[in-house]
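> got a sequence here, can you model it:
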Amino acid sequence: MDRRFFISASGLALAAASPLAWADEDKKKYRSSSERHSRTPSPTPAPAPGAAKSRVIVIGGGMAGATVAKYLRLWGDGVAVTLVERNSSYVSNIMSSMVLTGQRTMSSLTYSYGKLLSAYGVTVVQGDVTEIDPVGVKVKLANGTILAADRIVMAPGIEFDAVPGLGSSSAMPHAWQAGAQTTLLAQQLANMPDGATMVLTIPRAPFRCPPGPYERACLIGDWLKIRKPKSKLFVLDANPAMLVEADNFTKAFAMHGITYVPNAEILSVDPATKSLNTTMGNFSNNGVVNLIPGQRAGKLITVAGLNNATKLVGDSAFRFAGVNQLSYASTVPGADKVHIIGDASATPQPKAGHIANQEAKVCADAIVRAFAGLQPDQAPVTNSACYSTITMTQASWLTAVYQYNPATAAMVAASASYGASVGWNSDHFEDMNTWFKALMADSFA
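Sure, this is the predicted structure:
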C-alpha cells in the first residue's frame, strides 16, 4: 500500500520555501481517498457484509487523535473506530495566544467531532478512560464501561509539573492548554495597570510547541506598546538560549523592549505577591505572570506504565512514552498493540499540532498494514511547519522535513529541508491563516 501522503523528495525544496507548501501539497494528495485505494488494491479481500471488522479505540480527540481516527476510517477498508474524548469539542492551542490580544475568540478555535461521525463513521464516546489493559487491548471508562479492540491509539496530550508554592492557585495561569486559563490570562492582561510588570516563563525542553512561548511574548510585547505602553515584559527561560528562530526572536524582543533572561529555572513562586524565585534571582511583585510549567505525557500514560522515555537531568521520573517510530507502537514489552502519538510520545520531532497530525497518519497507515499482515512503511516522512506572530499583524515561519533513520531507529530532520523566514511581514501573517485553516480542516473536517 503506497500512502506517501507527506512531502516527496522532489518537494523538499518547496517545503523549505514556506509552510504553505504543506497545505498546497496535502490538498492535492488528500483530494480523493477512494482514488488512491482504487490504484492500490488491498492485499487482503475486503470484509464480507456482516463479517467482524478490525477495531481500534482512539483515546483523546486533539490534533493527533482526531486525525488518526479519520484516516483509519479513510484507509482502513472497514476498520471500526471508536474515539473516546472527555470533552464535547476541541479547542485549538494553535493561534490561542491571539485570544490574549483580543484578535481571536475562543469560539473561533473550537471544533466539533460531528464530521468524524457523519462523514467518516467514527463512533464518538464522551467519557474518561481510567484504566488500560495493553495485553488484553481493553480500556475502562469512568462509568464502568469496558471497551475492547484489536489496537489502541493513545493521544492524551500533556500534564503539567507541580510548581513549588503554586498549589491550586490560578493567580499565575499557564494558558498552555486552550480553555478557561486562556480566558483568565486575557482578563488579567486587560485589567493590568499600565506600568505594571508582566513575566512569562518558559520551562526546560521538551515542551509543547517550541516557538510558542517566544511567539506569545512577541505578540504580547506588541500589544503592550499599544495598550499598556508603560509596562515591561520579562521572559524567564529555563533553557540556556532560545530554542528556535533565535535570530528572528532576538531581533523581535529588542524591537518590543522585552527583557530576556536565559537559565532562569523556577524554584518556587508566591501567588499572593505574584513573585518568582529562580536560578537567576527573584522577580517580585509582578502585575501578571504567565507561568508555563514543565510538561510530561498525559497522566493516563503513567497509569498504564507506558512512560518509559525522556528523563530530564535531576528528574526522578520518565516523562514521555517510548515508541517504535515506524508505527508509534509502545516499546514497553507486551504493549505493542498500543500506539502513542502526539505530544505524549518521545521522538526527535517537535511537540506541535502539525507534527501530531503527521504522526497520526504514519500511525494509521502502520495499523492498516498490520491488519493486512504487512510491516510498517520503512521510510516514513513527516513535515513540521509553523508560523509565529511577531507583531499583531506580521508573522515569521519555520519548517523542516523529518525522515526515518534506520541506524538510530528515529525520525531525524533532513538538513536540506530546514527553512525559516528572514524576518517577518504581513504576507506571512495572511499565509498563517491559510495554513491554519487547511490543517484544522484536515484533522476535523
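> how far away from the center of its chain is stretch 223-236?
In terms of Cα atoms, centre = their mean, to the nearest Å, the centre of stretch 223-236 is set 28 Å apart from its chain centre.
> can you give me the buried ones in it?
Residues of stretch 223-236 classed as buried by neighbour count (16 or more other Cβ atoms under 10 Å): 223-225, 228, 231-236. For glycine as for every other residue, the C-beta is placed from the backbone atoms N, C-alpha and C.
> with stretch 308-317 instead?
Within stretch 308-317, the residues that count as buried by 16+ other Cβ under 10 Å are 308-310, 312.
> tell me the one of the residues you listed nearest residue 74?
Lowest distance from residue 74 to the buried residues of stretch 308-317 (Cβ to Cβ) belongs to residue 309, with 29.8 Å.
> ok, that closest one touching residue 324?
No: with contact defined as Cβ atoms under 8 Å, residue 309 does not reach residue 324; the gap is 11.6 Å.
> what number of residues lie near residue 169?
By other Cβ atoms under 10 Å, the residues close to residue 169 number 14.
> let me know the secondary structure of it.
Here residue 169 is coil, with the state taken from DSSP: H, G, I helix; E, B strand; the rest coil.
> before we move on, back to that, overlap in contacts of residue 309 and residue 324?
residue 331 (Cβ atoms under 8 Å, 6 or more residues apart in numbering).
> so where do the helices sit in the stretch 201-350 of the chain?
Under the criterion DSSP state H, counting those that start in this stretch, helices of the stretch 201-350 of the chain are mapped to 212-227, 246-256, 299-303.
> now those helices as CSV including mean pLDDT and distance to residue 401?
What follows is the helices of the stretch 201-350 of the chain, written out as CSV (pLDDT from 0 to 100; distance: least, Cβ to Cβ, whole Å):
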stretch, mean pLDDT, distance to residue 401
helix 212-227, 98, 21
helix 246-256, 98, 20
helix 299-303, 95, 27
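> ranking those by burial, who's on top?
By mean neighbour count, with neighbours taken as mean count of other Cβ atoms under 10 Å, helix 212-227 ranks first of these at a mean of 22.
> longest strand of the protein?
In terms of residue count, the longest strand belonging to the chain (DSSP state E) is strand 395-405.
> other SSEs contacting it?
helix 12-17, strand 381-389, strand 410-413, strand 419-420, helix 426-444 (3 or more Cβ pairs under 8 Å, 6 or more residues apart in numbering; DSSP states H and E).
> what's the most buried one of these?
Buried most deeply of the helices and strands packed on strand 395-405, by mean count of other Cβ under 10 Å, is strand 381-389, with a mean of 25.
> CA atoms only: put it into CSV for me.
Only the C-alpha atoms of strand 381-389 are listed here, as CSV (Å, rounded to 0.1, in the frame of the first residue of the first chain):
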residue,chain,number,x,y,z
VAL,A,381,8.5,11.2,6.1
THR,A,382,6.8,14.0,8.1
ASN,A,383,6.8,17.7,7.8
SER,A,384,6.8,20.2,10.7
ALA,A,385,5.6,23.6,9.8
CYS,A,386,4.5,26.6,11.9
TYR,A,387,4.1,30.3,11.9
SER,A,388,5.0,32.8,14.7
THR,A,389,3.2,36.0,15.3
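> run the chain-centre distance for that strand.
11 Å.
> likewise stretch 124-132?
Centroid separation for stretch 124-132 versus its chain: 20 Å, with Cα atoms, centre = their mean.
> may I see the buried residues of it?
Those would be 124, 129, 132, for stretch 124-132 by 16+ other Cβ under 10 Å.
> and the residue lying closest to residue 186 once chain neighbours are set aside, its phi and psi?
In space, residue 186 comes closest to residue 100 once its chain neighbours are excluded; the distance is 4.9 Å by Cβ to Cβ, 6 or more residues apart in numbering. Main-chain dihedrals, residue 100, degrees, to the nearest 10: phi -70, psi -30.
> I'd say residue 100 and residue 189 touch.
Yes: between residue 100 and residue 189 there is a contact under Cβ under 8 Å: 5.9 Å.
> overlap in contacts, these two.
Listed contacts common to residue 100 and residue 189 are 220, 223; contacts here mean Cβ under 8 Å, 6+ apart.
> tell me, how many residues neighbour the residue nearest to residue 186?
Residue 100 has 22 nearby residues by other Cβ under 10 Å.
> state the distance from it to residue 192.
12 Å (Cβ to Cβ, to the nearest Å).
> try residue 302
From residue 302 to residue 192 the distance is 37 Å (Cβ to Cβ).
> also residue 387?
27 Å.
> show me where pLDDT drops low in the protein?
Where the chain drops to pLDDT under 70, the residues are 1-52.
> on that earlier part again, from the buried residues of stretch 223-236, which ones fall inside strands?
232-236.
> farthest pair in the residues you listed?
232 and 236 (13.0 Å).
> closest to residue 293 out of the ones in strands among the buried residues of stretch 223-236?
Using Cβ to Cβ, residue 236 is the member of those that lies nearest residue 293, at 12.5 Å.
> okay, and the beta partners of the closest one?
residue 201, residue 261 (DSSP bridges).
> ok, it touching residue 204?
No: applying Cβ under 8 Å as the test, residue 236 and residue 204 come out as separate, 11.9 Å apart.
> any buried residues in stretch 392-401, and which?
Neighbour-count burial for stretch 392-401 [16+ other Cβ under 10 Å]: 392, 394-401.
> just how off-centre is it within its chain?
Per Cα atoms, centre = their mean, the centroid offset for stretch 392-401 relative to its chain is 16 Å.
> same check on stretch 431-445?
Stretch 431-445 has its C-alpha centroid displaced from the chain centroid by 14 Å (Cα atoms, centre = their mean).
> just the C-alphas of it, formatted as PDB.
In PDB, the C-alpha atoms belonging to stretch 431-445 read as follows (Å, rounded to 0.1, in the frame of the first residue of the first chain):
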ATOM      1  CA  ASP A 431      -0.400  32.800   4.900                       C
ATOM      2  CA  MET A 432      -0.600  31.700   8.600                       C
ATOM      3  CA  ASN A 433      -4.400  31.900   8.500                       C
ATOM      4  CA  THR A 434      -4.500  29.800   5.300                       C
ATOM      5  CA  TRP A 435      -2.100  27.200   6.800                       C
ATOM      6  CA  PHE A 436      -4.200  27.000  10.000                       C
ATOM      7  CA  LYS A 437      -7.500  26.500   8.100                       C
ATOM      8  CA  ALA A 438      -6.000  23.800   6.000                       C
ATOM      9  CA  LEU A 439      -4.500  22.000   9.000                       C
ATOM     10  CA  MET A 440      -7.700  22.100  11.000                       C
ATOM     11  CA  ALA A 441      -9.800  21.000   8.100                       C
ATOM     12  CA  ASP A 442      -7.500  18.100   7.500                       C
ATOM     13  CA  SER A 443      -7.900  16.900  11.100                       C
ATOM     14  CA  PHE A 444     -11.500  17.700  11.900                       C
ATOM     15  CA  ALA A 445     -13.400  18.100   8.600                       C
END
